[in-house]
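**Student:** Mind looking at a prediction? Sequence and model below.
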Amino acid sequence: TPHANIASVALSDDQVMTIDSKMAGVFISPKILYGNSNVNDSNTTSAIVIGATLNHPSSVFGFSTTGAITQTAPIIAMGLGARGARAVLNSANQIHQIAAETNGGNFELTNTGALSVSSFTTGQGTLAGITTQNGAVNINNTGAISIDNPINSGTGNINVVAHSPLTVNAAVTSTSGNIL
């Protein structure tokens, strides 16, 4: 696990949390942003929205919520661990290591640069690879992709596009979806 013990930074309950330009400038890693004040509470639906560029190329970020994780601005970081109902990260990202888990929703990532499907340990346990519990996995990366931890979409489709070499060192599975 390359980045263990990510610390907490912010809490919210049933409200959208938007990382705006003021927060993005002081958001120092390693940190995790919880979308729920009670991280074991499954009845809240707080969303996390990255609304300003997180430009911290040597940092690792973690986002955890029972709601969606979305963005209107890019993430430039060494790593990202994301746990939510779904994660749609389709801005001009430059993330080098990714791990994610969704609760049935899709995981989408548009990225530039070398990318590794990795693992991270947070206050809520370990995220290893990408798991969607029947949501689709869509990764479009301009650069090499190394799948070093499993990708499992349950019944969802998996679409991994590398515009450079693709190295598969771990399982990529879908019980009934297409793998492209």
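**Tutor:** That came in fine, so what should we check first? Keep in mind it's a predicted model, so treat the numbers as computed, not measured.

**Student:** what's the offset of the longest strand seen in the chain from the middle of its chain?
**Tutor:** Ordering each strand of the chain by length in residues (DSSP state E) puts strand 86-102 first. Taking C-alpha atoms, centre = their mean, to the nearest Å, one finds strand 86-102 lying 4 Å from the centre of the chain it belongs to.

**Student:** Which neighbouring elements make contact with that strand?
**Tutor:** With contacts taken as 3 or more C-beta pairs under 8 Å, 6 or more residues apart in numbering; DSSP states H and E, strand 86-102 sits against strand 54-64, strand 68-71, strand 75-84, strand 107-112, strand 115-117, strand 119-122, strand 125-128, strand 130-131. (Each C-beta comes from the backbone N, C-alpha and C, glycine too.)

**Student:** With respect to Ile139, which of those lies nearest?
**Tutor:** Checking the helices and strands packed on strand 86-102 against Ile139 by C-beta to C-beta gives strand 107-112 as the closest, at 5.0 Å.

**Student:** List the neighbouring strands of the closest one plus their orientation.
**Tutor:** Strand 107-112 sits in its sheet next to strand 86-102 (parallel), strand 137-142 (parallel), going by DSSP bridges.

**Student:** what does it rub up against?
**Tutor:** With contact meaning C-beta atoms under 8 Å, 6 or more residues apart in numbering, strand 107-112 is reached by 82, 86-95, 98, 100, 130, 132, 135-143.

**Student:** are any of the residues you listed buried, and which?
**Tutor:** Among these, those buried by neighbour count (16 or more other C-beta atoms under 10 Å) are 82, 86-89, 91, 93-95, 98, 100, 130, 132, 135-141.

**Student:** now the helices and strands packed on strand 86-102 as TSV including distance to Ser176?
**Tutor:** Converted to TSV, the helices and strands packed on strand 86-102 look like this (distance: least, C-beta to C-beta, whole Å):
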stretch	distance to Ser176
strand 54-64	28
strand 68-71	24
strand 75-84	24
strand 107-112	17
strand 115-117	21
strand 119-122	26
strand 125-128	23
strand 130-131	16
